[in-house]
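Peer 1: structure for the following, please:
(2 chains)
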Amino acid sequence: MTLRRLRWLLVPLLVVPLAWLLFTGFGRDPREVASPLIGGPAPEWSLATLDGGTLSSDDLAGRPYIVNFWASWCIPQCVDEHPVLANAYERYGDELAIVGVLYQDRPADAEAFLARYGDAGYPHLIDEGGWLAIEYGITGPPETFFVGADGIVRDKQFGPLTEALMAERLGAILTAASR
Amino acid sequence: MRRWFAPGALAALLAVAAAGALILPRSDEPTTGERADALARELRCPDCQGLSVADSPTQSALEIRRQIDELLASGASPDEVRAHFVERYGDWILLAPASPVLWAVPFLALGLGASVLLAWLLRARRRAGPASARPDDDVRRRLHEEAEALDA
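Peer 2: This is a model prediction of the structure:
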């Protein structure tokens, strides 16, 4: 092959991957990584809740559940998705459990957030030291995991949930009848 | 007898020290703290921008550091500690590429670029060489005329 032909081959070989990198890679959050937890058993935990009680992952056994990592300082993302979680809690009742986890947040600040934006009534775990956040591989709130009734992590949402995203993600853990 | 006591004692002392240096295990092995430090430098701080766990004071980095210490104290090997965090975050948590092949990528890219540049330079030189040596038609005509004038 002559060098002249090779030169024309170099253009797509170099320019196309670079253009692809520019258009896809740089528009993405570098922390948005696929979770290796998907397809495996959800982490087990037993932690204090914001209302003074204690909740364990065993208490949710047999039911699909959502674990939502959030913080009162996570503005506006956590504010934006807050009604989406509240709506799901209201809509699905006992069929679906929702658990909030405070991510690097003070309980008093979280309580003030709930007083201001509405408390749907689902429990919020106090993750002192951030152990549970590491167990779930969290890089920053909001992040939400969808766990099936069999205790297997089925999906993950990086960033705020919208009604459309919630419906899509719930499809992985709810039966067709309950949706 | 007393004259030989001091040198004898010194020789015995040196012999014991030499034997000790040979028999006792040398402390080249890194301590648990050093292994924990090395691992903390290898792991990415999850809520930072391009910092290692060792370089960051965030809550996540401190918690990872605590877990490294705990895992090593419980007898886990450095590979097992790395695997513990990869199971939660994926290979993303490792600051250095896990695959040794990836280390070769910059060198391959550099080699490819240098080859292309070299090929272009050689080609340009080959093209420029004969062009500058070849006399143009005007010069050739004048040379011909002068040669004919000399012959005449």
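
Peer 1: list phi and psi for the residue nearest the centre of chain A.
Peer 2: Centroid check for chain A by C-alpha atoms, centre = their mean gives A:Thr144 as the closest residue, at 1.7 Å. Phi and psi for A:Thr144, reported as degrees, to the nearest 10, are phi -130, psi 130.

Peer 1: what's near enough to touch it?
Peer 2: A:Thr144 makes contact with A:Ile66, A:Val67, A:Asn68, A:Phe69, A:Lys156, A:Gln157, A:Leu161, A:Arg169 under the criterion C-beta atoms under 8 Å, 6 or more residues apart in numbering or on different chains. For every residue, glycine as well, the C-beta is placed using N, CA and C.

Peer 1: run through the bridge partners of the first one.
Peer 2: Which is A:Ile66. A:Ile98, A:Phe146 (DSSP bridges).

Peer 1: got a list of what it touches?
Peer 2: Here A:Ile66 is in contact with A:Leu85, A:Ala88, A:Leu96, A:Ala97, A:Ile98, A:Val99, A:Thr144, A:Phe145, A:Phe146, A:Val147 (C-beta under 8 Å, 6+ apart).

Peer 1: go on, the last one?
Peer 2: Neighbour list for A:Arg169: A:Thr144, A:Phe146, A:Asp155, A:Gln157, A:Leu161 [criterion: C-beta under 8 Å, 6+ apart].

Peer 1: per-residue pLDDT of it, please?
Peer 2: pLDDT, A:Arg169: 94.

Peer 1: ok, the first one next?
Peer 2: According to the model's per-residue confidence, A:Ile66 sits at a pLDDT of 97.

Peer 1: what helices and strands are in contact with the helix or strand hosting B:Leu122?
Peer 2: In this structure, B:Leu122 sits in helix B:100-133 according to DSSP states H and E. When contacts are defined as 3 or more C-beta pairs under 8 Å, 6 or more residues apart in numbering or on different chains; DSSP states H and E, helix B:100-133 packs onto helix A:3-20.

Peer 1: send the alpha carbons of the helix it packs on over as CSV?
Peer 2: Output of helix A:3-20 as CSV, limited to C-alpha atoms (Å, rounded to 0.1, in the frame of the first residue of the first chain):
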residue,chain,number,x,y,z
LEU,A,3,1.9,6.1,1.6
ARG,A,4,-0.6,8.3,-0.1
ARG,A,5,-3.3,5.6,0.5
LEU,A,6,-2.2,5.1,4.0
ARG,A,7,-2.5,8.8,4.7
TRP,A,8,-6.2,8.6,3.9
LEU,A,9,-6.6,5.6,6.1
LEU,A,10,-5.0,7.5,9.0
VAL,A,11,-7.7,10.2,8.9
PRO,A,12,-10.6,7.9,10.0
LEU,A,13,-8.3,5.9,12.2
LEU,A,14,-7.3,9.0,14.3
VAL,A,15,-10.0,11.5,13.8
VAL,A,16,-13.0,9.3,14.3
PRO,A,17,-12.0,7.9,17.7
LEU,A,18,-10.9,11.4,18.9
ALA,A,19,-14.2,12.9,17.8
TRP,A,20,-16.1,10.1,19.5
